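# Dropping a prediction and its sequence here:
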Amino acid sequence: MSADFQLEGPMQARRIVVAMSGGVDSSVVAALAARSGAETIGVTLQLYDHGAATGRTGSCCAGQDIRDARAVADKLGIAHYVFDYESRFRESVIEDFANEYMAGRTPIPCVKCNMGVKFTDLFTLARELGADCLATGHYVRRVRSVEGAELHRAADPARDQSYFLFATTQDQLDYLRFPLGGLPKPQVREIAASLDLAVAMKPDSQDICFVPDGDYARIVRKVRPDADDGGDILHIDGRVLGQHKGMIHYTVGQRKGLEIGGQPEPLYVIRLDAANKRVIVGPRQALAVSAAHLSELNWLGASFSGTCQAKVRSLAKPVPARLEGGRLLFLQPEYGVAPGQAAVLYDGDRVLGGGWIAETEPAELARVA
């Protein structure tokens, strides 16, 4: 199995830095790079060390995963370096994660990590090492065109990670390589097994790598001791229906766990009023929005205009929309659009760009007196 790293000239004259997390995906990328004939250097960033996480496999960037990355590098006969970025990760990702929840928004730490330590600090390291490119195990495709590199969805829709890479800049995309973007995950594991890599059947890392036990509220409490401050659960018509146990336990679109039984119809979290520590609930129709205002818009789509497809959650289906300045207009009312999440825009398989959802506009059917 060979991979096209999209580098000019003989591969023996090229140097590739591979971001190695200790998982099967980045390990296979390192193997493909080494087999290409290029000088290959594996780099792992130690991002956190939360006790139990250090010995837990399938977490990413801590403890056993770092040891797995080193073992793979040793087997492949490539250089491997570990850099401690724990302090930077805590400031730019973990503290931001906690503060976003406390501000009534729903954060996406994976995007913030890519924007920060992975696609900024790691870029600097790769260039300092004289690499011709930085290769990662992300499931997206880099497609070359006459206008430059484009970011496209992965060939395997079940593994596509393009939503989490919307903030990749054109300069970064010119330097990045994603050799797994055209492969299904089972084939990647087969490659790892054929090379006798110990990580061939290693479980995939969880969504939030720094929350090893799934208790993200505990992580938020460490940063923000006021995370459990309670307040009112308020119906959109102004009635107080009960008390909540802390803003961190709620997100827009949530139905379960509200603990306000005896209502004539199912109620959902419509919005979070962080300033007054209130959770606003209402019927499903009140979740419908007609538009979203985007901040920190990153555009990779050149001169595209017209109707595109917008994805407002990582697991949501793309829906038709138009972008007018920083305002994203949905052609049909969209539900569960949460401030703090990202809206990622596509033209078919191509990623046009995206931005952070700052606020939403209710659809007419969602308006109440």
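Arrived safely.

# And the helices in the stretch 101-250 of the chain, which stretches?
Counting by DSSP state H, counting those that start in this stretch, one finds helices in the stretch 101-250 of the chain at the ranges 109-113, 122-128, 170-175, 185-194, 216-223.

# list the contacts for residue 318?
Counting by Cβ atoms under 8 Å, 6 or more residues apart in numbering, residue 318 makes contact with 309, 310, 311, 346. In this view, the C-beta of every residue, glycine as well, is placed from N, C-alpha and C.

# Please report phi then psi for the third one.
Residue 311 adopts backbone torsions of phi -120, psi 120, taken as degrees, to the nearest 10.

# That one and residue 343 touch, don't they?
Yes - between residue 311 and residue 343 a contact is recorded at 7.2 Å, counting by Cβ atoms under 8 Å.

# Tell me which of those two has more neighbours.
For the pair residue 311 and residue 343, the greater number of neighbours falls to residue 343 (26 against 22), based on other Cβ atoms under 10 Å.

# Could you look up the SS state of residue 16?
What DSSP: H, G, I helix; E, B strand; the rest coil gives for residue 16 is strand.

# Out of the contacts of residue 318, which sit inside strands?
Assignment to strands by DSSP state E places the following of these there: 309, 310, 311, 346.

# quick one: which of the contacts of residue 318 is nearest residue 179?
Distance to residue 179, by Cβ to Cβ, is smallest for residue 346 among those, at 21.8 Å.

# Chain neighbours aside, what residue packs nearest to that closest one?
In space, and not counting its chain neighbours, residue 346 is closest to residue 309: 4.5 Å by Cβ to Cβ, 6 or more residues apart in numbering.

# circling back: next, format the ones in strands among the contacts of residue 318 as JSON lines and append distance to residue 361 and pLDDT.
Output for the ones in strands among the contacts of residue 318, formatted as JSON lines (distance: Cβ to Cβ, whole Å; pLDDT from 0 to 100):
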{"residue": "309", "distance to residue 361": "19", "pLDDT": "97"}
{"residue": "310", "distance to residue 361": "14", "pLDDT": "97"}
{"residue": "311", "distance to residue 361": "18", "pLDDT": "97"}
{"residue": "346", "distance to residue 361": "22", "pLDDT": "96"}
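
# Who are the contact partners of residue 196?
By Cβ under 8 Å, 6+ apart, the residues touching residue 196 are residue 75.

# Could you measure from it over to residue 18?
As for residue 196, its distance to residue 18 is 18 Å (criterion: Cβ to Cβ, to the nearest Å).

# dump the residue contacts of residue 292.
By Cβ under 8 Å, 6+ apart, the contact set of residue 292 is 312, 327, 328, 330, 337, 343, 357, 358, 359, 360, 361.

# same thing but at 7 Å, please
Shown in contact with residue 292 (Cβ atoms under 7 Å, 6 or more residues apart in numbering): 328, 337, 343, 357, 360.
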